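>>> Model the following, please.
(one chain, ligands or ions: 1)
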Amino acid sequence: MSLIQCNNLSKHYPNKLALDNINLSLDAGAPIALVGPNGAGKTTLFSLLCGYIQPTQGSLTILGHAPGSKALQGVLSALPQDAELDPHFTIASQLQFFATLQGFSQADAKQEALRVLALVDLAESAQAKPKSLSHGMSKRVSIAQALIGSPSIVLLDEPTAGLDPANAKKIRQIVKDLSNDTTFLISSHNLDELEKLCDQVVYLEQGKLQQSVSIKASQATDFITLTMQVCDMDSLHQQLLGLNQVIEVKRSGDEQYVIEYQKQRNFELEQQILSLLAEKQWRYKAILKGRTLEETLFS
Ligand SMILES: Nc1ncnc2c1ncn2[C@@H]1O[C@H](COP(=O)(O)OP(=O)(O)OP(=O)(O)O)[C@@H](O)[C@H]1O
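Got it, this is the predicted structure:
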């Protein structure tokens, strides 16, 4: 059974068609990215999944249940973009309270609060009040809140927005560590980050589903992304096209080529490229196996 199934799903606000006839089926597993420009409908889709709002047309199910139904209590949780903590209570007591709302006894709720705080590496801040936490720590507490009850699906809306690189990395690590048991659906504008975390990308634009793609390479072909520093780009293009196994070479920007090639077990193509660059004395900045998410979505 699909984790999330949308059939002809539309959402009209009074003056806006925010989601337009979406058909989508997502399976449990590695984190899934939800991408799209501002106003594309990402938050609307999250709100529908949480059952905060109702579709105007079509249907949406999570593990076969309607969003917001009792069967999904403790199964799906969300970190909203603007999650805030109550300044008056300690972190542990707030998480404990949320656990009791999910049906935990007081004693179990206390344990659960400490368990989820440990997952986000904040066990030592259990008795702190929100104002003593940094922005990054507050975000981790909100993620801890979303992890109460070990849900199967966690929706993260811009989980690292506004965080410094070290805190953003910590959050990515939390998602990676928990991905065996929980499927994360992550909305973000940071394609580099999504590329590191996700296997599948859902791309929305103006309320329409433009693409739902796997970032993993296909069975038959693979990609190399070659970024150059000093070279004759036109001549390099021709030389690359002449190499064994190369199917297509696409120029991306001033200094980059994305090379599609017949998959192979050895490193023959990489060796040929490096020999070519050495022979011509062309300097490269980077050779990346695969292609970027930006290239996958927008090429
Ligand atoms: N409550 C509402 N009433 C009317 N229009 C709304 C409402 N909520 C969202 N919209 C509109 O619906 C469209 C989709 O909004 P949504 O917030 O889902 O986009 P988004 O992809 O999350 O954008 P962002 O990346 O900026 O967060 C936008 O044009 C927005 O202005």
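
>>> phi, psi of the closest residue to Val141 other than its chain neighbours?
Take Val141 and drop its neighbours on the chain: the residue closest to it by C-beta to C-beta, 6 or more residues apart in numbering is Ile91, 5.5 Å away. C-beta: built from backbone N, CA, C; applies to glycine. When read as degrees, to the nearest 10, the backbone of Ile91 gives phi -60, psi -50.

>>> you'd agree Ile91 is up against Ser132?
No: assessed by C-beta atoms under 8 Å, Ile91 is found out of contact with Ser132, at 9.3 Å.

>>> what do the two both touch?
Shared contacts of Ile91 and Ser132 (C-beta atoms under 8 Å, 6 or more residues apart in numbering): Ser125.

>>> all strands for the stretch 1-150 of the chain, in order.
4-13, 16-26, 32-35, 57-62, 76-79 (DSSP state E, counting those that start in this stretch).

>>> and the second one, what other elements does it pack with?
Judged by 3 or more C-beta pairs under 8 Å, 6 or more residues apart in numbering; DSSP states H and E, the packing partners of strand 16-26 are strand 4-13, helix 42-50, strand 57-62, strand 200-205, strand 208-214.

>>> In a markdown table: those, plus mean neighbour count and mean pLDDT.
Formatted as a markdown table, the helices and strands packed on strand 16-26 follow (neighbours: other C-beta atoms under 10 Å; pLDDT from 0 to 100):
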| stretch | mean neighbour count | mean pLDDT |
| --- | --- | --- |
| strand 4-13 | 18 | 96 |
| helix 42-50 | 21 | 94 |
| strand 57-62 | 17 | 96 |
| strand 200-205 | 20 | 91 |
| strand 208-214 | 15 | 84 |
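
>>> any chance of those in CSV, plus distance to the ligand?
CSV is the format used below for the helices and strands packed on strand 16-26 (distance: least, C-beta to the nearest ligand atom, whole Å):
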stretch, distance to the ligand
strand 4-13, 3
helix 42-50, 3
strand 57-62, 14
strand 200-205, 7
strand 208-214, 12
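
>>> ok, which residues in the stretch 1-150 of the chain are in contact with the ligand?
Residues of the stretch 1-150 of the chain found near the ligand (C-beta under 6 Å from any ligand atom) are 13, 16, 18, 36, 38-44.

>>> Widest-spaced pair of the residues you listed?
Greatest spatial distance in those: Tyr13 and Gly36, 16.6 Å, computed using C-beta to C-beta.

>>> which intervals of the stretch 151-299 of the chain have sub-threshold pLDDT?
215-219, 299 (pLDDT under 70).

>>> which residue ranges form the strands in it?
Counting by DSSP E, counting those that start in this stretch, the stretch 151-299 of the chain has strands at residues 153-157, 183-187, 200-205, 208-214, 221-230, 246-252, 256-262, 283-289.

>>> Dump those to CSV, plus distance to Pro87.
Shown next, in CSV, are the strands of the stretch 151-299 of the chain (distance: least, C-beta to C-beta, whole Å):
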stretch, distance to Pro87
strand 153-157, 22
strand 183-187, 27
strand 200-205, 35
strand 208-214, 40
strand 221-230, 47
strand 246-252, 47
strand 256-262, 48
strand 283-289, 45
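
>>> Run through the residues that contact the spatially closest residue to Leu26 that is not a sequence neighbour.
The shortest distance from Leu26 to any non-neighbouring residue, by C-beta to C-beta, 6+ apart, is to Ile4 (4.3 Å). Shown in contact with Ile4 (C-beta under 8 Å, 6+ apart): 24-26, 49, 60-62, 153, 185.

>>> That'll do, ta.
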